[in-house]
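K.L.:
Would you be able to build a 3D model of this:
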Amino acid sequence: MQLADLFSLSLVGRSSQTGLEYDAPDGSLAALTFGDLDARVNRVARLLSSRGFVRGDRLGFFLPNCVAFIEVFLACVKLGVIVVPINVLYRERESGHIISDADPKAVVTTSELAAFLPAGAPAWDVAEISAAAESFADSAVRLALDGDDPAAIVYTSGTTGRSKGAVLTHNNFAANAVNVTTCWRITSEDRYLAVLPLFHVHGLGNGVHAWLTSGCRMRLVERFDIQRAPDLFTAFQPTLFFGVPTIYVRLLEFPLELAQQIGQRMRLFVSGSAPLPAQVLADFRAKFGHTILERYGMSETLMNISNPYEGERRPGAVGFPFPGVSAQLRDAQGQPVEDGEIGELFVRGPNVCAGYWRRPDATAEAFQDGWFRTGDLGERAADGYYTLRGRRSDLIISGGFNIYPREIEELLLEQSGVLEVAVCGVSDARRGEVPVAYIVGDDSFDAAALETICRQSLASFKMPRAFVRVESLPRNALGKVQKHLLPPWSAE
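P.N.:
As a prediction, the model looks like this:
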């Protein structure tokens, strides 16, 4: 069974059911049945075929959230064309790297975004594609594809260097969709408010794929906007919402009465793409009446681990491996560690990518004995819950002691005046590295008080050398802090 067959549960099996709501160009609210959407997808697929696209070709997507993104994506799924999503915040240097590496036959974009593609890039205006597709037949399109065929090349966020393209197969996406839909009890009765960017696996591989697999109703918006969010929640009345920690921090700004009204209608809030501070989880539960379900995934693996739908959603933990996914924590010598000890997380399963596009060296480095090396540190409790302790590359070694930044970050986030925090290591002549805390604070920010709390709560070697107040933390499009872009700090 192909990925397209999984989506046909809704596109064909629920053809008369309204599946999608979105903003029309004139600002009105538009809607499509699953059958209408499938017809439009078939037309686009025939258009792509007429322009020479065949199985294994690449098509770049440099698009904001819009219906056309979904239509062209699903057309590629049916044809075996490999989708190459590009972050809409990227500019010529960044988009140029992906285009040069993936070598797409064309890049579907808008007239506004086309200006940020490198000169000579084969750009196709998405409005022209949609209009031209109208002249093609809407009868079903189905090719003989293999589950191991690549469906997408998703480039890593590049927080520490040039991004690499993870090759995700039809089977990867299908296994992930089945796990997410089953384990989070997503059904055709749900109403999913989609605010996450479709160029990322969180919005696409979780959101769109769960929507199509379950047959629920999706309200698609271009991006999360805190000014518009109250009206969206009130009008659409979602039961399902996927977000990143920064979104949940903003939702805490809602008035209590509105938060309670939203909470009464909601079934499930899910958070991922970056660690959810335990304090945010507690504050959200108090205000909305819901415990956010935190899970853990990567561009290279889709979803690995999730807190249970039924059972304890443990603060700070990401839960248990999904069905079919195995996890193991290893020390620096590659040996498994005991429960309660910190090690690097390795995973394997049907969700793990086939490797990196045209990077056999990076693929060989990432896979060991059939396991994928995530680069994330974590520990497992005696009852099986996994907790992440930060990136291996973020580990601070000070005077021979290991310091895990997240432990310090969680403590600081519990304190008044602290809105956001990132702890990273800076060079030190005596100790090798020392931790420094970069903090976004409100008017009550008090560095001296924070220092006192840390001295009372942390071992001396974990004490931040400084508490640096900043206006904001540098983040990528999914809210992950880019620590290498923090301003340099020196004791001098």
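K.L.:
what's around Gly13, how many residues?
P.N.:
13 (other C-beta atoms under 10 Å). In short, each C-beta sits where N, CA and C put it, glycine included.
K.L.:
mind listing what the closest residue to it other than its chain neighbours touches?
P.N.:
Excluding the flanking residues, the one nearest Gly13 by C-beta to C-beta, 6 or more residues apart in numbering is Gly215, at 7.4 Å. Neighbouring residues of Gly215 by C-beta atoms under 8 Å, 6 or more residues apart in numbering: Leu9, Ser10, Gly13, Arg14, Gln17, Gly19, Phe34, Thr187, Ser188.
K.L.:
from these, which ones fall inside strands?
P.N.:
Residues of the contacts of Gly215 located in strands (DSSP state E): Gly19.
K.L.:
Drop anything exposed from the contacts of Gly215.
P.N.:
Ser10, Arg14, Gly19, Phe34 (16 or more other C-beta atoms under 10 Å).
K.L.:
between those residues, which is nearest Asp442?
P.N.:
Distance to Asp442, by C-beta to C-beta, is smallest for Gly19 among those, at 42.3 Å.
K.L.:
residues in contact with the lowest-mean-pLDDT helix or strand in the chain?
P.N.:
Counting by mean pLDDT, DSSP states H and E, the chain has its least confident helix or strand at strand 401-403, which shows a mean of 78. Outside of strand 401-403, the residues within contact range by C-beta under 8 Å, 6+ apart are Ile342, Leu395, Ile396, Ile397, Gly425, Pro435, Ala459, Phe461, Lys462.
K.L.:
Ok, stretch 8-15 next?
P.N.:
With C-beta under 8 Å, 6+ apart as the criterion, stretch 8-15 contacts 17, 19, 33-35, 37-38, 41, 74, 188, 211-215.
K.L.:
what two of the residues you listed have the greatest distance between them?
P.N.:
Top of the distance list for these (C-beta to C-beta): Val41 and Ser188, 19.5 Å.
K.L.:
Dump the buried ones among the contacts of Gly215 to TSV, plus distance to Tyr248 and pLDDT.
P.N.:
TSV is the format used below for the buried ones among the contacts of Gly215 (distance: C-beta to C-beta, whole Å; pLDDT from 0 to 100):
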residue	distance to Tyr248	pLDDT
Ser10	28	98
Arg14	31	98
Gly19	27	98
Phe34	30	98
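K.L.:
Those into TSV, with extra columns for distance to Glu414?
P.N.:
Listed next are those as TSV, based on distance: C-beta to C-beta, whole Å:
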residue	distance to Glu414
Ser10	43
Arg14	46
Gly19	42
Phe34	46
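K.L.:
Show only the entries of the residues you listed found in helices.
P.N.:
Ser10, Phe34 (DSSP state H).
K.L.:
So which of the contacts of Gly215 is the closest to Ala466?
P.N.:
Thr187 (50.5 Å).
K.L.:
Which residue, other than its chain neighbours, is closest to the closest one?
P.N.:
Using C-beta to C-beta, 6+ apart, the closest residue to Thr187 is Ser214 (5.6 Å).
K.L.:
Mark out where each domain of this structure begins and ends.
P.N.:
Here the domain assignment for the chain is 3-380, 396-485, based on automatic domain parsing.
K.L.:
Which of those has the lowest mean pLDDT?
P.N.:
Mean pLDDT is lowest for domain 396-485 among those, at a mean of 87.
K.L.:
can you tell me the distance between the two ends of that domain?
P.N.:
17 Å (C-alpha to C-alpha, to the nearest Å).
K.L.:
tell me how far that domain is from the chain's mean position?
P.N.:
24 Å (C-alpha atoms, centre = their mean, to the nearest Å).
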